[in-house]
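Student: coords below, sequence missing:
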Ligand SMILES: NC(=O)C1=CN([C@@H]2O[C@H](COP(=O)(O)OP(=O)(O)OC[C@H]3O[C@@H](n4cnc5c(N)ncnc54)[C@H](OP(=O)(O)O)[C@@H]3O)[C@@H](O)[C@H]2O)C=CC1
Ligand SMILES: O=C(O)[C@@H]1CCC=N1
């Protein structure tokens, strides 16, 4: 996920320097920030990506050299977390939830983080848990991004900041980063497990639906590539109609459904398969699982 965020931010920087227009949305749900709504859209200009294994470092160096950023504004470091944090102002914690404690207790880490902004994308690890791992002067914020950040179509939820002048600066840093790679909105931390399930895990759930639609097309004789294109563009179109025009999905569905036609026949087959409750329950179960991820493993 860290690579997806960094790739998206770098693509955003490239887009600015080559004057490619930012993605545009016609309207905004209240509280959601997009590149269009941001007045000062300055982004960080230097990035250090930390990994633990040489194999991963090599893979990342190859990936970032290919897109022309390695050595220019991106450095990949292996097993040098404290050193990297010392050189940074904003730290994005992107390891697995169970590794956080090990990384945060590395000798010198607390001091390296002193007075800095720590943004954690870890599922299930609370601000209170993270705050206990750092000095009081370290500002801890949670963010829940998703993989489409890589192509600047992400959805990121960020935990609310208390109102203060200092928070305003942090708020703008966070918005500059995450709204450059998609939509970004602030929400109370109590909603984070649900957001983790809905938008964090959501791309995986959406891909199951996408794949199943394409499979149906293949079953009916469509070539695989075309079936996938049709399914993906159709899902994107329906999603954009909801986001841009603010049309309720039920209204969109009704507009497609000709009385006595084929859509209602397909819809009834879906209802027979309890597709709505199955999908909604998947979000419920994933939310419950997300809440367990920050807890110590049971023996
Ligand atoms: N995947 C997703 O769609 C989303 C994930 N998240 C959250 O993001 C986090 C990461 O998930 P994901 O990207 O899927 O996991 P990955 O396992 O793909 O990535 C974890 C990264 O952490 C690095 N890492 C592990 N240990 C250390 C260490 N000691 N020091 C420095 N780096 C280390 C790994 O490098 P190395 O290989 O070298 O060990 C690897 O690059 C999780 O907390 C997850 O909850 C949040 C939203 C969406
Ligand atoms: O599966 C996971 O635990 C992470 C969190 C959200 C998406 N991936």
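Tutor: That came through fine. Owing to the predicted nature of the structure, the values given are computational and were not obtained by experimental measurement. Numbering: from 1, shown residues only. Ligands and ions are numbered 1, 2, ... in the order given.
Student: any idea where the helices of this protein begin and end?
Tutor: Remark: helices assigned in the chain by DSSP state H are 2-17, 54-66, 81-86, 100-104, 109-112, 127-131, 165-178, 192-195, 202-219, 224-245, 249-256, 262-272, 275-292.
Student: average pLDDT for the fourth one?
Tutor: Confidence for helix 100-104, expressed as mean pLDDT, is 97.
Student: does that helix reach ligand 2?
Tutor: No - using CB under 6 Å from any ligand atom, helix 100-104 never reaches ligand 2; the gap is at least 13.3 Å. (Each C-beta comes from the backbone N, C-alpha and C, glycine too.)
Student: pull out the buried residues from that helix.
Tutor: Judged by neighbour count (16 or more other CB atoms under 10 Å), helix 100-104 contains these buried residues: 100, 103, 104.
Student: so which of these is the closest to residue 43?
Tutor: Residue 43 lies nearest to residue 103 out of the buried residues of helix 100-104, by CB to CB, at 24.7 Å.
Student: need the contact list for that closest one.
Tutor: 81, 93, 95, 109 (CB atoms under 8 Å, 6 or more residues apart in numbering).
Student: ends of stretch 267-278, what's the gap?
Tutor: Length of stretch 267-278, first residue to last, CA to CA, to the nearest Å: 15 Å.
Student: quick one: neighbours of residue 134, just the number.
Tutor: Residue 134: 20 surrounding residues under other CB atoms under 10 Å.
Student: for it, which non-adjacent residue is closest in space?
Tutor: Distances taken as CB to CB, 6 or more residues apart in numbering place residue 113 nearest to residue 134, at 5.3 Å, with adjacent residues excluded.
Student: do stretch 1-12 and ligand 2 meet?
Tutor: No - using CB under 6 Å from any ligand atom, stretch 1-12 never reaches ligand 2; the gap is at least 7.1 Å.
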